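Engineer: Generate coordinates for the sequence data below:
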Amino acid sequence: MAELVRSPKQLGVALRRFRRTHNLTQAELAKRAGVRQGTISQVETGLETVKLTTVMDILRALDLEVVIQPRTKGSHSDIEDMF
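Structural biologist: Numbering: from 1, shown residues only. Just a heads-up that it's a prediction; the model follows:
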């Protein structure tokens, strides 16, 4: 399941969703990632000052990876179709 993430807030939402679909508590994920439960909470709420190494540890603990690709851009008509 791929998710588009363009902000810390979106990353937090995606990680929370993935954690919950795998029936993990924040405490369980924190233990796997080697961080505090409060850190998981901060990441899931989109705190922008979380260290990249912490995010990578959480991704590893969830068996996820980052894929870098060109940003997609919708056309003007795509936006109009939404309304």
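Engineer: ranges for the helices of this protein?
Structural biologist: 8-21, 26-33, 37-44, 52-61, 76-81 (DSSP state H).
Engineer: These into TSV, with extra columns for distance to residue 67 and mean pLDDT?
Structural biologist: C-beta coordinates here come from the backbone N, C-alpha and C atoms, glycine included. As requested, these are exported to TSV (distance: least, C-beta to C-beta, whole Å; pLDDT from 0 to 100):
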stretch	distance to residue 67	mean pLDDT
helix 8-21	13	96
helix 26-33	20	98
helix 37-44	19	98
helix 52-61	11	97
helix 76-81	22	52
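Engineer: export those to JSON lines and tack on mean neighbour count and distance to residue 2?
Structural biologist: As requested, these are arranged in JSON lines below (neighbours: other C-beta atoms under 10 Å; distance: least, C-beta to C-beta, whole Å):
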{"stretch": "helix 8-21", "mean neighbour count": "16", "distance to residue 2": "10"}
{"stretch": "helix 26-33", "mean neighbour count": "17", "distance to residue 2": "20"}
{"stretch": "helix 37-44", "mean neighbour count": "18", "distance to residue 2": "19"}
{"stretch": "helix 52-61", "mean neighbour count": "16", "distance to residue 2": "14"}
{"stretch": "helix 76-81", "mean neighbour count": "8", "distance to residue 2": "19"}
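Engineer: can you redo those helices as JSON lines with distance to residue 69?
Structural biologist: Shown next, in JSON lines, are these (distance: least, C-beta to C-beta, whole Å):
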{"stretch": "helix 8-21", "distance to residue 69": "16"}
{"stretch": "helix 26-33", "distance to residue 69": "25"}
{"stretch": "helix 37-44", "distance to residue 69": "22"}
{"stretch": "helix 52-61", "distance to residue 69": "16"}
{"stretch": "helix 76-81", "distance to residue 69": "19"}
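Engineer: can you tell me which of those comes nearest to residue 70?
Structural biologist: Closest to residue 70 of the helices of the chain, according to C-beta to C-beta: helix 76-81, at 16.8 Å.
Engineer: dump the residue contacts of residue 8.
Structural biologist: 46-48, 50 (C-beta atoms under 8 Å, 6 or more residues apart in numbering).
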